[in-house]
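In: Based on what follows, work out the 3D shape:
(2 chains)
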Amino acid sequence: DIQMTQSPSSLSASVGDRVTITCQASQDVNIFVNWFQQKPGGVPKLLIFDASNLEQGAPSRFSGSGSGTEFTFTISNLQSEDFATYYCQQYDRLVTFGPGTKVDFK
Amino acid sequence: EVRLVQSGAAVKKPGESLTISCKVSGDGFTSFWHSWVRQVPGKGLEWVGRINPTDSSVNYSPSFQGRVTMSADKSISTAFLQLSSLQASDSAMYYCARLGRHWGQGTLVTVSS
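Out: Alright, predicted model coming up:
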């Protein structure tokens, strides 16, 4: 099965910062990667699909890139409501989630 | 509007089996795969498997193979997750989801003697 490694596992940032999270797949997954945001007690929310497509309703400060085995998720201007945990997910062969990146206040 | 509504919280004893339902309203129940995802409190998301309600074809995570059964009843637009031989480590929130866009509210499962 395909493994997804995500880094960093956590980071501290301030409002207005640019935040980048990377995800590496153990095999080529083409562009079939989603990025999710989850807040404590909440349901995961899809932000990016097919590696780089912004989900309808998601703010444009969220973006994604990559293909094959290397993927990047960026928040360009961190807002207070963005403090949460972010997960990558591959769906090329079955489905696998990355372990998550917790973004908290510096 | 697509809505996924799951059955309520459950408390089970070790060794018992669990069934959770996920009723889908709105369009497209038979047009999409529906996944089950679990999350142990304080931990990450773990994919359990998925079902295609059109023909009830399934894919299961190797981590659950042999203990999990997924089914769907098209007449009531409902997907089901069955997990057998429960252990304390199966205590978690279980979610149904469609394409990652639509999620149920989650079902909290507690396994305790």
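In: residue contacts, residue 27?
Out: Unless you meant another one, I'm taking chain A. A:I2, A:T69, A:R93 (Cβ atoms under 8 Å, 6 or more residues apart in numbering or on different chains). C-beta coordinates here come from the backbone N, C-alpha and C atoms, glycine included.
In: you looked at the wrong chain, it should be chain B
Out: B:V2.
In: Am I right that it is in a helix?
Out: No - the secondary structure assignment for B:D27 gives coil rather than a helix, going by DSSP: H, G, I helix; E, B strand; the rest coil.
In: Could I get the pLDDT score of it?
Out: Reported pLDDT at B:D27 in the predicted model: 81.
In: For PyMOL, write a command that selects the buried ones of the contacts of A:Q27.
Out: Once 16 or more other Cβ atoms under 10 Å in any protein chain shown is used to decide burial, the buried members of the contacts of A:Q27 can be selected in PyMOL as follows:
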select buried, chain A and resi 2+69
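In: Among the contacts of A:Q27, which one lies nearest to B:R38?
Out: Using Cβ to Cβ, the shortest approach to B:R38 within the contacts of A:Q27 belongs to A:I2, at 18.4 Å.
In: and the closest one, which of the three is it?
Out: With three-state DSSP as the criterion, A:I2 reads coil.
In: One more: B:V58?
Out: strand.
In: my read: it touches B:W36, true?
Out: No - judged on Cβ atoms under 8 Å, B:V58 makes no contact with B:W36 at a distance of 10.2 Å.
In: now the contacts of A:Q27 as JSON lines including distance to B:Q105 and pLDDT?
Out: Converted to JSON lines, the contacts of A:Q27 look like this (distance: Cβ to Cβ, whole Å; pLDDT from 0 to 100):
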{"residue": "A:I2", "distance to B:Q105": "29", "pLDDT": "96"}
{"residue": "A:T69", "distance to B:Q105": "34", "pLDDT": "98"}
{"residue": "A:R93", "distance to B:Q105": "29", "pLDDT": "95"}
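In: Enumerate the residues of chain B near chain A.
Out: Within chain B, the positions adjacent to chain A are B:35, B:37, B:44-47, B:50, B:59, B:61-62, B:95, B:97, B:100-101, B:103-106 by Cβ under 8 Å from any Cβ of the partner chain.
In: quick check: mean pLDDT across stretch A:11-29?
Out: If you average the pLDDT values across stretch A:11-29, you get 98.
In: for stretch B:8-16, same thing?
Out: The pLDDT scores in stretch B:8-16 average 98.
In: In CSV, list the C-alpha atoms belonging to it.
Out: Extracted C-alpha coordinates of stretch B:8-16, given in CSV (Å, rounded to 0.1, in the frame of the first residue of the first chain):
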residue,chain,number,x,y,z
GLY,B,8,-25.6,7.6,17.0
ALA,B,9,-22.8,6.8,19.4
ALA,B,10,-22.2,3.2,20.4
VAL,B,11,-20.7,1.5,23.3
LYS,B,12,-19.5,-2.0,22.7
LYS,B,13,-17.6,-4.7,24.7
PRO,B,14,-14.4,-6.3,23.4
GLY,B,15,-15.1,-9.1,21.0
GLU,B,16,-18.4,-7.6,19.9
